[in-house]
Structures are given as C-alpha cells and as structure tokens.
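Peer 1: Sequence first, predicted model second:
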Amino acid sequence: MKWLKLSWLNVLRNTRRSIIAVSIIALGSFSLIIASGYVLASFEGLRESTIQGGLGHIQLALPDAFTDKEIDQGGFTPQKKQQLQRDIEAMPEVRLTTERVLFEGLASTGDITIAVIGKGVNINKERKITLFTPIIEGRNLPNVDLHKQTETAEQIYSAVIGEILARDLKVKVGESITLLASTSYQGINAIDVTVVGINRSGIPEYDQRSVMIPVSAAKILRDSDTVNRLVVSLRSTADTDLINSRIHSSFSDIEQKTWLELFPFYTNVVSLYNNIFGVMGSVILLVVLMSVNNTMVMAIMERVAESGTLRAYGFSSTRIAKLFATEGMIMGLCGALLGMLLATLVILFINISLFEMPPPPGRSVGYPLILNWNITAVTVICVTMIFSCTAAAWLPARKMLKKSIIDAINHH
C-alpha cells in the first residue's frame, strides 16, 4: 500500500505533465469506446433490420428449393404445413411461424406492364415479422378473422405494392391492377387485385418489384393450396443456431436456411468493419503509448539520481521498476475511467437525441444514429489502456536501471 501511495505522490509531483498524459489516455479511451459503440450498433442494426425486414430467423422449404427455380418446386401441403408449425411452435424459443407463397409474374394496369416479385402472406402474423417496411400510403392488407371459415372478396383480392412500382404503374391507393403468374402445373393465371397500400422498404431495387397479397389470393393465382416457405421467428436471435439444429434433427425431409445463410452480405460487412476498427484502434493505441512513454521517460530521466540513491539504500532494481510501472498504471487507470465516463455521457446524449444519418449505399431512407454501450468492449478497452500504460512505464525504467549505482547517483 505504501508503494502505491508513493507512486500516486510521484504522479502528482509534476501535475502539468501528468494531466497531459491522462488527457491523452482519456481521449484515446473515449475514441475507442465511441467507435466500438458505433460498430456494434451497426452490426446489431443491420442484423435486426434484415431479420425483421421480412427474412425471419429461419426459413424452411422443400429440398433444393433454395437453389433451383423455387416457384416451380411446389411446396408444403396443408397437412405438412400444419404439422411443421405445430411442432416448431411448441419450442419455447420460437415466437411464431408463418407461411408464404412466392411467385414471379407481371403486374399490369392495361397500358403498363412490369415484371414483379410477389409473395402471399398471412398478414396477421406477417405484420409481427416485417417491421421495417412501413406503409406510406393507404393501409396494410386486411386482417383475417381466424374464427371465420371464409374470407370476403375484399380481404382476398387486395395488395400492397412497393413505392417505385406504384409510381411506374401510375396507380394510386384504391385502384386495381392485374397480376399474371405461372401456375403450379406451368399454366398461366391472372387475378385482379385492389391496391390498398403502398410501402417503402428503403431498398430501391425491392420497391421497384415488390407485391404483397394475402396467401389465399396467392394460392388462387398459382392454382395450388401449397406454400413455398415457412418462416420461423424467434424470441432471441441468439437462439438461431440452437433452433436450427433442433429442426434439422427433427425433420429430415425439408431444407432450412438461417438468416445468415440467406444474407451472407452481413458477414462481409462485419469483416470490413472489424478491419477498419482494428487499424483505427491500433493507431489510437500507438499514439497513447508514445505519449505515456514520453511522459515516463522525462520523469525517469529527472529521477536517475533518486533511483540510484534508493538502490544504494538496498532497494532492488525490480522494486524500483515496479514503482515506475505503478505510476504508469495509475495514469492509465485515471485516463481510462475518465474516457469511459465521457463516452458514457456522449452515448446517452446521442441515443436520446436520435440524430438522423443519411441513407447508406443501396438504400433510399436514412436511419437514426444509435451507439451501443457494451460492457465487454468497454472493459477490454480500459484494461488494454491500463496494461499498455503500465508497459510504457516499465520498459524505459528497466533500461535506466541498467546504469551502475555510482553513475546513477552522479547523474545530472
């Protein structure tokens, strides 16, 4: 304890120099915590927006349906679908499952015809999964009363289309369009639907082609009662691999893919951000180390005679080196705690303010700036700063203590 007190007094001996070193350490810690908060928030935002943008955590289909022409592969029969949903929803980690009928075809107003990619959905469940495609005009697909055996024509023959598709087709809410698609037996079928809403996903390529209709209308269009996909939504993304392995072991006659397999772009983004953050963190850490090393070298050079006197009284070189290392650790601790405090306050301010960021590449809408405060990342940064400052003080001290006691005492 007395050595710790002595180290603290030595830090206070040259207040101005110590304040400068602590300030640089605090700035470095602050920068790394803010950067890690932005990176981690970006990872979480991209992951959850992908999952809750309609992809779901896990998707199930017939074997080879994810690689071949899926809409020509048929789908799950009503009996098979009910069995899968019943067994999967019995798992406590599963929030819900919902069916989809995928189709490709044409949307026409008579004068204008555009190729579209559509899906038939159970809107009662779909609205709980697809949270990031807001309706900007009109309303969503009509709710279906699960207690009724039949749906009305208004509920069946309705559609929500993408913003750019609506503009290209020159249709407004309340007007009708004709959908044409191939049937399950390779024929052609068409239905008229009323546009009840226009949505915006933020992805221009998707908004140019997207059509969403009730699953009952999609079955009529494809003249089949099968569904192409079952989408599984979990209570927590962390359980994805666990549930995926359970489904794989329970059902051998289906193919399944997790959100990460369906969206491999996420892995590329994580790798890119990790590389950028690694380089930036290394540069910041190097600046901090050079600053602390410079401060400690100046302090050590002024105390060569003092260290020689201590050695003459019988103190070992290792004990004296530990004294200098403790001084570096104290400055590192003070700087890291100050940087953590400042970063925490800034993160709280930014998250409360909800600043709007410009649209990222490939999207047409911005997003709120959110920073994560991750206890693991903050702990690693603070410990790294303290260890680096300790090492930056230990190394020059060991070099100085190689002098003989006589040379050290006579040092001016």
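Peer 2: Looks like it came in fine.

Peer 1: Residue 163 is in contact with residue 197, isn't it?
Peer 2: No: look at residue 163 against residue 197 with C-beta atoms under 8 Å: they stay out of range, at 10.5 Å. All C-beta spots, glycine's among them, are computed from the backbone N, C-alpha and C.

Peer 1: which residue sits closest to residue 386 in space, ignoring its chain neighbours?
Peer 2: Nearest residue to residue 386, sequence neighbours excluded (C-beta to C-beta, 6 or more residues apart in numbering): residue 332, at 4.0 Å.

Peer 1: Quick one: residues contacting that neighbour.
Peer 2: For residue 332, the contacting residues are 25, 292, 385-390, by C-beta atoms under 8 Å, 6 or more residues apart in numbering.

Peer 1: And the helices in the stretch 151-300 of the chain?
Peer 2: 153-156, 163-169, 204-207, 215-222, 240-250, 259-262, 265-302 (DSSP state H, counting those that start in this stretch).

Peer 1: Compare those helices and give me the one nearest residue 37.
Peer 2: helix 265-302 (11.0 Å; C-beta to C-beta).

Peer 1: model confidence over that closest one, on average?
Peer 2: Confidence for helix 265-302, expressed as mean pLDDT, is 80.

Peer 1: residues of it that come out buried?
Peer 2: 266, 273, 277, 281, 284-285, 288-289, 291-297, 299-300 (16 or more other C-beta atoms under 10 Å).

Peer 1: now do stretch 317-327
Peer 2: Buried, per 16+ other C-beta under 10 Å, within stretch 317-327: 317, 320-327.

Peer 1: try stretch 244-263
Peer 2: So, applying 16+ other C-beta under 10 Å, buried residues of stretch 244-263: 244, 246-247, 251, 254, 256-260, 262-263.

Peer 1: Chain neighbours aside, what residue packs nearest to residue 390?
Peer 2: residue 329 (4.4 Å).

Peer 1: Confirm residue 136 sits in a strand?
Peer 2: Yes: checked against DSSP: H, G, I helix; E, B strand; the rest coil, residue 136 lies within a strand.

Peer 1: In this structure it contacts residue 200, no?
Peer 2: Yes: between residue 136 and residue 200 there is a contact under C-beta under 8 Å: 5.0 Å.

Peer 1: sorry, back to before: ok, which of the helices of the stretch 151-300 of the chain comes nearest residue 83?
Peer 2: Nearest of the helices of the stretch 151-300 of the chain (C-beta to C-beta): helix 240-250, 10.7 Å.

Peer 1: Show only the entries of the contacts of residue 332 found in strands.
Peer 2: Per DSSP state E, strands hold no members of the contacts of residue 332.

Peer 1: Residue 216 touches residue 152, doesn't it?
Peer 2: No: between residue 216 and residue 152 there is no contact under C-beta under 8 Å: 10.6 Å.

Peer 1: And the two? Which one has more around it.
Peer 2: residue 216 (18 against 11; other C-beta atoms under 10 Å).

Peer 1: which residues touch the residue lying closest to that one once chain neighbours are set aside?
Peer 2: The shortest distance from residue 216 to any non-neighbouring residue, by C-beta to C-beta, 6+ apart, is to residue 156 (5.1 Å). Taking C-beta under 8 Å, 6+ apart as the criterion, residue 156 is in contact with 214, 216-217, 220.

Peer 1: cool, residue 266 as well?
Peer 2: 46-47, 50, 260.

Peer 1: Now flag whichever of the contacts of residue 156 is closest to residue 312.
Peer 2: The nearest one, if we look at these relative to residue 312 and count by C-beta to C-beta, is residue 214, at 91.5 Å.

Peer 1: for the nearest residue to residue 246 once chain neighbours are set aside, helix, strand, or coil?
Peer 2: What sits nearest to residue 246 in space, not counting adjacent residues and going by C-beta to C-beta, 6+ apart, is residue 91, at 6.6 Å. Secondary structure for residue 91, judged by three-state DSSP, is coil.

Peer 1: For residue 227, see how far away residue 91 is.
Peer 2: The gap separating residue 91 from residue 227 is 20 Å, by C-beta to C-beta, to the nearest Å.

Peer 1: for residue 281, same thing?
Peer 2: For residue 281, the distance to residue 227 - C-beta to C-beta - is 48 Å.
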